[in-house]
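Asks: Provided below are the primary sequence and the corresponding predicted coordinates.
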Amino acid sequence: MKQGFYTVLENEPLTEQVFRMRLGGDTSPITAPGQFVNIRLAGRFLRRPISVCEWTEGELTIIYKVVGAGTAQMAAMRGGELDLLCGLGNGYDTAPSGASPLLIGGGVGVPPLYGLAKALKREGKDVSVILGFRSAREVFYEKEFAALGARVTVTTEDGSAGVRGFVTDALRNAAPYTYTYSCGPEPMLRAVYGAAATDGQFSFEERMGCGFGACMGCSCRTVTGFKRICREGPVLRREEILWER
């Protein structure tokens, strides 16, 4: 983890509510796809945790949805700097993926899977991706995943683009796969957990205070005891997950 100031190089809308921001700065703390940054905003008490979409030396990209005053403040930025805690969380492990991993993302759970797809393609894996949205107006990054050479299936709840329904509707008809990686809201993760035919890794969203394990505010119970989503997570393996009733 490193704290520093990062320059806003680009901040553009992908959909009506989803924005992509490129930041310039030290990316050496980022070691795995699925890690996140925690952003301080002027006048806001708590930082905003946002997953890293992709990174290179000296530059990282985040994709975020405007859901409140803090993210609206981010969307209005044109240049300037942001105070980041960088390289937080454990990220995805590509070692167990096998030859044909399947990536499943819902809404703003899609961005960290893009960096994961790039890592898996560099390892020579045959990557498939299922992206779930409410409607065609909310679809983003379908073309970017396809440009990597991944097979992409889009689902929308209203049927306005791709397969009508949820990611699990596409999952039931997916080509054979060796492992699953997923990120999205908890109801989606629960559904994928129940429908997937293989082991996998699940990235969880959780409200956070500090973002680096000190406050214990994002703890969840697992088969091996309590884990902090910001520190031992956000990625948990299938075999360690306990779903709260």
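Replies: That came through fine.

Asks: what strands flank the one helix or strand V129 maps to, and is each parallel or antiparallel?
Replies: Per DSSP states H and E: V129 is located in strand 128-133. Paired with strand 128-133 in the same sheet, following DSSP bridges, are strand 101-106 (parallel), strand 151-156 (parallel).

Asks: hmm, who's touching it?
Replies: 100-107, 110, 113, 117, 139, 141-142, 145, 150-157, 161, 166-167, 170-171, 174-175, 177, 184, 188 (Cβ atoms under 8 Å, 6 or more residues apart in numbering). (C-beta placed from N, C-alpha, C; glycine too.)

Asks: and those, which are buried?
Replies: Among the contacts of strand 128-133, those classed as buried by neighbour count (16 or more other Cβ atoms under 10 Å) are 100-107, 110, 113, 117, 139, 141-142, 145, 150, 152-156, 161, 166-167, 170-171, 174, 177, 184, 188.

Asks: Y114: what's it in contact with?
Replies: Y114 touches C53, E54, Y141, E144, F145, counting by Cβ under 8 Å, 6+ apart.

Asks: looking at the protein, which strand is longest?
Replies: If you go by DSSP state E, the chain has its longest strand at strand 2-13.

Asks: domains of this protein?
Replies: Structural domains annotated on the chain: 2-88, 95-240, as defined by automatic domain parsing.

Asks: dump these to CSV, plus mean pLDDT.
Replies: Formatted as CSV, the domains of the chain follow (pLDDT from 0 to 100):
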stretch, mean pLDDT
domain 2-88, 96
domain 95-240, 93
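
Asks: run a quick neighbour tally on A195.
Replies: Residues contacting A195 under the criterion other Cβ atoms under 10 Å number 16.

Asks: check which residues of stretch 224-236 are buried.
Replies: Of the residues in stretch 224-236, K227, R228, I229, C230, R231, E232, G233, P234, V235, L236 count as buried by neighbour count, 16+ other Cβ under 10 Å.

Asks: residue contacts, the one residue sitting closest to the centre of the chain?
Replies: For the chain, the residue nearest the mean C-alpha position is P112 (3.3 Å; Cα atoms, centre = their mean). Taking Cβ under 8 Å, 6+ apart, we find P112 in contact with P33, G34, Q35, F36, S51, V52, C53, Y92, G105, C183, S203.

Asks: wait, isn't the fourth one in contact with G89?
Replies: Yes. Under the contact definition of Cβ atoms under 8 Å, F36 touches G89, with a separation of 5.3 Å.
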